[in-house]
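Asks: sequence first, predicted model second:
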Amino acid sequence: MSVKVQHEAAITVITVAGRFDALMAKEFKNCIADLTDGHRTLIALDMAAVNFIDSSGLGSLVGALKGISKEKGEIRIAGLSPEVRTIFELTRLHRIFDIYENIETACASFG
Amino acid sequence: MKIVYIDDKPEMRTLLHRFLTAWGYDAVGAADGENGWELIRTERPDIVITDWMMPELDGVSLCRRIRSSDMPNYIYIILLTARNVTDDLVTGLEAGADDFVSKPFNKQELKARINAAARIISLERALEEKNRQLKETYDIIKEDLEAAARIQRSLIPQKIEQFGGITFDWLFCPSQFVAGDIFNILRIDEHALAFYLLDVSGHGIPAALLSTTLSRVLTPSPNFSGPIRRPLATPPFYSITAPRDVAAELNGRFMSEGAHTEYFTMVYGTIDIGSGSGTLTQAGHPSPIHQAADGTVRLIGDGGFPVGMIPDAEYDEHPFTIKAGERLFIYSDGITECRGPDDTMFGIDRLLTIIRDGYRLPLRDLMAGIERELARFRGEARFDDDISLLALEQRRGA
């Protein structure tokens, strides 16, 4: 599986890689649930190594956004591959999420 | 537990009978191989104890016969061998014997070996029972799923119809028994048609429950309730809802709560039967394809929010016209994201090319061609995702 979590001060960096499908969506959801339970709700999500995202993957991202916003936290996404960006644009999710060029700018944006 | 014992010596049979019944087994004996075989077939024992050396059918041949028959249950076979004859246990094992007891036997050893056999047979029978229960459960689930699939298939068009000059056709292959994809084309009134194709996130039963519900919700009801038509106080006593408002209403009604993110993507549109012009809304669904009479293809729209994902989402509307010889294709991402053996995707360009090149083909032949091309690309019988495609056409020269 490829959902990796790293803590950098107040920010948690999550890295996902490969196919973001139902299987990974489940792991991602659990990961977000653990973080919100632990009140770590400033999240930078590195998706640079994701080459495909399906409906379950998109659903888990929006679920994470809703869950984290409820806890007054924030999730910012970095490094969309052209394939994934196309799907974000088709579903207008690029208007819902804060999207950054790479993980460094995403982390820096938290100030 | 039932035991058949076979020995040509009467004193040995007497001894075996006494021991076996004393140990609580239901025991019947035969004096030779052929009679033993008859007894095995009528009594269906759990264990067979047979002498090796017997006239006519010997113990090893009897083993082979038992193993090559189609007994419903496994029979545990113990061969009685003369001591000193170390001859080949291998022959016995290969013939299908499970264990050996040498004669003259030690009573305690025979008892221990039969008890071991009984343990194995009990395990065997318990496993058989578990398998039977599993199969029974699986059969029930499979029957239910097949029934659900029939119900779902009854909700899509049953036959090709003609609405003025407009006709349509479709492809539908669920990746499992039931699908998260569903579509239909429906008459709203004498002038207008509604059409949709939607794809619920995820697969299988949870997705199918929602897609089936949506199909019901999107059927025009006689009393004008439901999102497609609204009641009015004055003639004609209803108004046809704009596609973008249908999407917005469904978005409110089917908003996913909390961590559950069950949503769907959809193209919904209405079309005037006389003129072939209409409007459609695209809710996170792949862009419909318009094919002109000379084959030229173009995509309509560039996206929109899925339904049930973002509260109060607003939807765009795209006008379109299908004139004589023109077609409109709406498809699920199961087609464009279909993966071949080398993990490449079918993609929008392949689909556009087939549609453009097939503009002179009758619609049915073009649809069959797309299905063939997809199957060839996929390289195996099963698809990862539901495949659905709905095509509308205005007859040439209509």
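Replies: It's in.
Asks: ranges for the strands of chain A?
Replies: A:3-8, A:11-20, A:42-53, A:74-78, A:98-100 (DSSP state E).
Asks: now B:Glu146: closest residue in space, sequence neighbours ignored.
Replies: B:Phe177 (6.4 Å; C-beta to C-beta, 6 or more residues apart in numbering or on different chains). Placement of C-beta: from N, CA and C, glycine included.
Asks: host element of B:Asn184?
Replies: strand B:181-187 (DSSP states H and E).
Asks: which residues does that strand contact?
Replies: The contact list for strand B:181-187 (C-beta atoms under 8 Å, 6 or more residues apart in numbering or on different chains) reads B:152, B:155-157, B:163, B:168, B:170, B:172, B:174, B:193-200, B:211-212, B:214-215, B:218-220, B:228, B:330, B:332, B:334, B:386-388, B:390, B:392.
Asks: which of these are buried? Put it as a ChimeraX command.
Replies: Under the burial definition 16 or more other C-beta atoms under 10 Å in any protein chain shown, those of the contacts of strand B:181-187 that qualify are selected in ChimeraX by:
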select /B:152,155,156,157,163,168,170,172,174,193,194,195,196,197,198,199,200,211,212,214,215,218,220,228,330,332,334,386,387,388,390,392
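Asks: for the residue positioned nearest the centre of chain A, list each beta-bridge partner.
Replies: The centre of chain A sits closest to A:Leu45, judged by C-alpha atoms, centre = their mean, with a distance of 3.8 Å. In this entry, A:Leu45 is beta-bridged to A:Ile14, A:Ile77, by DSSP bridges.
Asks: distance between the ends of stretch B:359-366?
Replies: Length of stretch B:359-366, first residue to last, C-alpha to C-alpha, to the nearest Å: 8 Å.
Asks: what of stretch A:81-98?
Replies: Distance between the boundary residues of stretch A:81-98 (C-alpha to C-alpha) amounts to 15 Å.
Asks: with stretch B:71-88 instead?
Replies: 26 Å.
Asks: how about stretch B:175-182?
Replies: Where stretch B:175-182 starts and where it finishes are 13 Å apart, if you go by C-alpha to C-alpha.
Asks: with stretch A:15-26 instead?
Replies: Start-to-end, stretch A:15-26 (C-alpha to C-alpha) is 15 Å.
Asks: list the contacts of that stretch.
Replies: Counting by C-beta under 8 Å, 6+ apart, stretch A:15-26 makes contact with A:1-4, A:6, A:28, A:45-47, A:49-54, A:56-57, A:59-60, A:84, A:103, B:202-203, all of which sit outside it.
Asks: report the buried members of those.
Replies: Judged by neighbour count, with 16+ other C-beta under 10 Å as the criterion, the buried members of the contacts of stretch A:15-26 are A:3, A:28, A:45-47, A:50, A:52-54, A:56-57, A:59-60, A:84, A:103, B:202-203.
Asks: just the element for B:Val4, please.
Replies: strand B:2-6.
Asks: what's the average pLDDT for that strand?
Replies: Per-region confidence: strand B:2-6 scores 96 on mean pLDDT.
Asks: what lines up beside it in the sheet?
Replies: Neighbouring strands of strand B:2-6 in its sheet, by DSSP bridges, are strand B:26-30 (parallel), strand B:47-51 (parallel).
Asks: my read: A:Ile11 touches A:Asp46, true?
Replies: No - contact between A:Ile11 and A:Asp46 fails when scored by C-beta atoms under 8 Å: they sit 11.6 Å apart.
Asks: could you find the closest non-adjacent residue to A:Asp98?
Replies: Counting by C-beta to C-beta, 6+ apart, A:Arg76 is the residue found nearest to A:Asp98 once chain neighbours are left out, at 4.5 Å.
Asks: ok now stretch B:298-311, how far from the chain's centre?
Replies: For stretch B:298-311, the distance between its averaged C-alpha position and the chain's averaged C-alpha position is 30 Å (C-alpha atoms, centre = their mean, to the nearest Å).
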